[in-house]
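J.: Starting from these lines, generate the structure:
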Amino acid sequence: MELFGMPVQNVYLTVLIIAGLATVLYVFFSDIAEGVGDVSPVLDPAVILAFITFTSAVGYSLELMTGLSHVLIIVIAVAVAIGLDFLLYFFVLLPLKSAEVSLAYTDESLTGQVGKVIVPIPVDGYGEIVIETVNGIIPKRAAGYENSAIDYGKEVLIIEVKEGTFIVKEYEPFRFK
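T.: Here you go, the predicted structure:
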């Protein structure tokens, strides 16, 4: 059977190549189309491109490997593509959308963390602490809680943040005896 003056196998292969290239371009330029898929999952360009790619890949494979009729092959290809698209959307794309990770933090979000003194904190003065987070090591100016002195190398608990200065207290971890 011929479609558009070409054998059906060539049509499937041409569509597969074009959809694959469009998918690669979409990966690089997806920020331009941001928000299009928020209206409906069916309108998401990643879902549409995946559907076209799956349909053409399954259709091309079935045309090469079976002697089924062309109409049955397109029906099977569309059914398989809908199933694979469903799996792709619910098990890959949806979790990726909800797994937003940010490297940003605020000073207030560090309250309750444990840090280490790298510049001793004198009475009524300032020192420096470092806090290890997933973002890396963050150095911050610190003062002792109730104006207490804290030596170098001690672990401290961040109590609060006042005007960019971390108010800390020497950390005493709870231990069972």
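J.: mind showing which ranges of the chain have poor pLDDT?
T.: Along the chain, the model assigns pLDDT under 70 to residues 1-5, 33-42, 99-103, 177.
J.: in the protein, which spans are helices?
T.: All helices of the chain, identified by DSSP state H, fall at 8-29, 45-65, 70-88, 94-98.
J.: which of those is buried the deepest?
T.: helix 45-65 (a mean of 19; mean count of other Cβ atoms under 10 Å). For the C-beta atoms, the positions are set from N, CA and C on the backbone; glycine is no exception.
J.: Now do it: distance to the chain's middle.
T.: Distance of helix 45-65 from its chain centroid, counting by Cα atoms, centre = their mean, to the nearest Å, is 26 Å.
J.: For Phe166, give me its contacts.
T.: Asp107, Leu110, Gly115, Ile129, Lys140, Arg141, Ala142, Ala143, Ile158, Glu160 (Cβ atoms under 8 Å, 6 or more residues apart in numbering).
J.: now do 7 Å
T.: Ile129, Lys140, Arg141, Ala142, Ile158 (Cβ atoms under 7 Å, 6 or more residues apart in numbering).
J.: before we move on, what about Glu108?
T.: Val161.
J.: any idea how far it lies from Gly136?
T.: 19 Å (Cβ to Cβ, to the nearest Å).
J.: would you turn the helices of the chain into JSON lines with distance to Phe166?
T.: Output for these, formatted as JSON lines (distance: least, Cβ to Cβ, whole Å):
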{"stretch": "helix 8-29", "distance to Phe166": "42"}
{"stretch": "helix 45-65", "distance to Phe166": "43"}
{"stretch": "helix 70-88", "distance to Phe166": "46"}
{"stretch": "helix 94-98", "distance to Phe166": "32"}
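J.: Not counting sequence-adjacent ones, nearest residue to Asp124?
T.: Leaving aside its chain neighbours, Asp124 sits nearest to Asn147 (5.1 Å; criterion: Cβ to Cβ, 6 or more residues apart in numbering).
J.: The one you found touches Gly125, doesn't it?
T.: No: with contact defined as Cβ atoms under 7 Å, Asn147 does not reach Gly125; the gap is 8.6 Å.
J.: buried set for stretch 143-163?
T.: Ala143, Gly144, Tyr145, Ile150, Val156, Leu157, Ile158, Val161 (16 or more other Cβ atoms under 10 Å).
J.: can the residues you listed go into TSV with extra columns for distance to Pro45?
T.: Putting the buried residues of stretch 143-163 into TSV (distance: Cβ to Cβ, whole Å) gives the following:
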residue	distance to Pro45
Ala143	53
Gly144	56
Tyr145	54
Ile150	55
Val156	50
Leu157	48
Ile158	44
Val161	43
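J.: Now for the contacts of Phe166: which two are most distant?
T.: Arg141 and Ile158 (11.9 Å; Cβ to Cβ).
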